[in-house]
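>>> Output the structure for:
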Amino acid sequence: MSDVKTEVANDPSGDTKEEQKANEIAKDSGVDNKEEDKTDKVSNGANQDTKVEEEVKETNEAANGASQDTKEKETPNAGAILRQVEFYFGDFNLPRDKFLRQTIKDNEDGWVPMDVMLKFARLAKLSTDVDFILTALAQSQLIETDLEKKKIRRLPSKPLPEWNDDRKKEVAAQTVYLKGFDKEKTTLDEVMDLMMGERGAVHVQMRNYVNQRDGTKGFKGSIFVTFESRDKAEAFMAGDKLEYKGVELIRKWQSDYFEDKRAEVAAKRKERAESKKKISQAKEEAAKQGEGEKEEQMESLPKGSVLVVTGLGAETMREDIKETLNRLFSVDCDKEIAFVSYQKGESEAKLRYYFHLHWDYAALYCTFVLCLGLTLKAPQRN
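A predicted model of the protein is given here:
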């Protein structure tokens, strides 16, 4: 049995805010299922109310990677059809797919007519030949077919597990995190081919995001994979290295990934709090210098002034300096700074300005330097 799921996560950009990261951490973890439910409404059709047929199509497009660049095949693929229909009726999708569960409930003995099944976009994309689909499903260990009446159902001998807290914890314990996929060219079919079959994966979740700034969507380059058992998952984690298009994939337990993200968020919050504290202290020190010194600071330097920062660490990059100026002081480096003379590994950087550099403005950057624990030299004149 093969269950497949994709995700459209609420990740506005590559530079995600801590609060949004914290929400992502809770997703599918079995700890906080609110965000999981929100995601599933978009990605899996899990919590959709019974609505018009168009909504069903959209739901299953998101759920099964219809947004991926997968070309429709001229000859129907029986294996892909089997895998797709078993996903619809599988342990992962069906408990959370209200439309399909309601359809099963409304029909005698749980049979679903094929004309209803063909409203699911990804199945219809694979084939609209009802007889071919029913023939492909004849090999299923999960689906029962009625060739005469053109309908299918989940085998009554395989009751659907209840989607409760215990089940969610069981699923989480069988789920691993994989990173290293091509963010632009990876398709759902490729990932399924990689993980399913002998490896024992039953559920693949591609981790996508929506950039709230411009509405663009993208793949994060990582996936969650759930295996049919804990033993299968452990065997995969202990196995040889796995490569995708020549790149070795990073793998860890999903629970460890969530824990690492929590620690990362906590560290960034602490760093931000300490930065704000240093800024506040620096401002207080500057205020004590008095009005007379403030007037002296207002003297401006010529255009093309250079601010020199020393004491930079070996890992500091030019982008780190620009990003800190923008984040702490909203400095548009493209418009305000002509260039930054610095190479990674150097202890000193020089910032040349387009405009007259006022002493009070330089004092503001003193605060920036103090926050980084660096040393500021007096602005130089060219």
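>>> use CA for all of it now, contacts and neighbours both
Fine.
>>> can you tell me which residues contact the nearest residue to Arg251 once chain neighbours are set aside?
Spatial nearest neighbour of Arg251, chain neighbours left out: Leu178 (4.6 Å); criterion: Cα to Cα, 6 or more residues apart in numbering. Contacts for Leu178 (Cα atoms under 8 Å, 6 or more residues apart in numbering) come out as Ser222, Ile223, Phe224, Val225, Leu249, Ile250, Arg251, Lys252.
>>> if you average pLDDT over the longest helix seen in the chain, what comes out?
Longest helix of the chain, by residue count under DSSP state H: helix 254-287. Per-residue pLDDT over helix 254-287 has a mean of 88.
>>> likewise stretch 217-233?
For stretch 217-233, the mean pLDDT works out to 94.
>>> how about that stretch: buried residues?
217-230, 232-233 (16 or more other Cα atoms under 10 Å).
>>> same check, this time on stretch 150-165
Lys150, Lys151, Ile152, Arg153, Arg154, Leu155.
>>> Nearest to Lys270 among those residues?
Proximity of the buried residues of stretch 150-165 to Lys270 (Cα to Cα) peaks at Arg154, which lies at 51.1 Å.
>>> Where do the helices of the stretch 201-350 of the chain begin and end?
230-238, 254-287, 290-297, 318-329, 333-336 (DSSP state H, counting those that start in this stretch).
>>> tell me what the fourth one is packed against?
Counting by 3 or more Cα pairs under 8 Å, 6 or more residues apart in numbering; DSSP states H and E, the packing neighbours recorded for helix 318-329 are helix 333-336, helix 359-372.
>>> Let's have the contacts of Leu178 in a markdown table, adding distance to Leu312.
Putting the contacts of Leu178 into a markdown table (distance: Cα to Cα, whole Å) gives the following:
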| residue | distance to Leu312 |
| --- | --- |
| Ser222 | 33 |
| Ile223 | 37 |
| Phe224 | 39 |
| Val225 | 42 |
| Leu249 | 33 |
| Ile250 | 31 |
| Arg251 | 34 |
| Lys252 | 34 |
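>>> what's the closest of those to Phe87?
Proximity of the contacts of Leu178 to Phe87 (Cα to Cα) peaks at Val225, which lies at 14.1 Å.
>>> For that closest one, give me its contacts.
Residues counted as contacts of Val225 (Cα under 8 Å, 6+ apart) are Thr175, Val176, Tyr177, Leu178, Met195, Ala201, Val202, His203, Val204, Gln205.
>>> Gly110 too?
Gly110 makes contacts with Thr103, Ile104, Arg153, Arg154, as judged by Cα under 8 Å, 6+ apart.
>>> quick check, nearest of those to Asp131?
Among the contacts of Gly110, Arg153 lies closest to Asp131 (Cα to Cα), at 15.5 Å.
>>> Name the helix or strand for that closest one, please.
Secondary structure from DSSP states H and E places Arg153 in strand 151-154.
>>> Mind checking what helix or strand follows that strand in sequence?
For strand 151-154, the following helix or strand on the C-terminal side (DSSP H and E) is helix 165-173.
>>> Return the set of buried residues in that following helix.
Lys168, Val171, Ala172, Ala173.
>>> Mind giving me the packing neighbours of that helix?
Right, helix 165-173 is packed against helix 254-287 by 3+ Cα pairs under 8 Å, 6+ apart.
>>> and the helix it packs on with helix 165-173, angle?
Here helix 254-287 runs at an angle of 80 degrees relative to helix 165-173 (axes from the mean of the first three to the mean of the last three Cα atoms, to 10 degrees).
>>> List just the nearest of the contacts of Gly110 to Ile321.
For the contacts of Gly110, the nearest to Ile321 is Thr103 (58.0 Å; Cα to Cα).
>>> just checking, the closest one touches Val112?
Yes - counting by Cα atoms under 8 Å, Thr103 touches Val112, with 6.9 Å between them.
>>> which one of those two has more residues nearby?
With neighbours defined as other Cα atoms under 10 Å, Thr103 and Val112 compare such that Val112 has more, 23 against 16.
>>> still on that earlier bit, now for the buried residues of stretch 150-165: which two are most distant?
The largest distance within those, taken as Cα to Cα, falls between Lys150 and Leu155 and amounts to 15.7 Å.
>>> is it true that Asp332 touches Glu323?
No - look at Asp332 against Glu323 with Cα under 8 Å: they stay out of range, at 9.6 Å.
>>> So the chain: which segments form each domain?
Structural domains assigned to the chain are 1-288, 289-380, following automatic domain parsing.
>>> Return the member of those domains having the minimum mean pLDDT.
Mean pLDDT is lowest for domain 289-380 out of these, coming in at a mean of 64.
>>> Count the neighbours of the closest residue to Ile152 other than its chain neighbours for me.
With sequence-adjacent residues excluded and distances taken as Cα to Cα, 6+ apart, Ile152 is closest to Thr145, at 4.5 Å. Residues lying near Thr145 (other Cα under 10 Å) number 21.
>>> Contacts made by the one helix or strand Thr145 maps to with the rest, please.
Assigned by DSSP H and E, Thr145 falls within strand 143-146. The contact list for strand 143-146 (Cα under 8 Å, 6+ apart) reads Glu86, Phe89, Leu134, Leu137, Ala138, Lys151, Ile152, Arg153, Arg154, Leu155.
>>> got these as a markdown table, with distance to Gly239 columns?
Shown next, in a markdown table, are those (distance: Cα to Cα, whole Å):
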| residue | distance to Gly239 |
| --- | --- |
| Glu86 | 27 |
| Phe89 | 30 |
| Leu134 | 37 |
| Leu137 | 32 |
| Ala138 | 34 |
| Lys151 | 41 |
| Ile152 | 38 |
| Arg153 | 37 |
| Arg154 | 34 |
| Leu155 | 34 |
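>>> between the residues you listed, which is nearest Glu319?
Distances from Glu319 to the contacts of strand 143-146, taken by Cα to Cα, are shortest for Glu86, at 48.4 Å.
>>> Please tell me I have it right and that closest one contacts Leu142.
Yes - Glu86 is in contact with Leu142 according to Cα under 8 Å; the separation is 6.8 Å.
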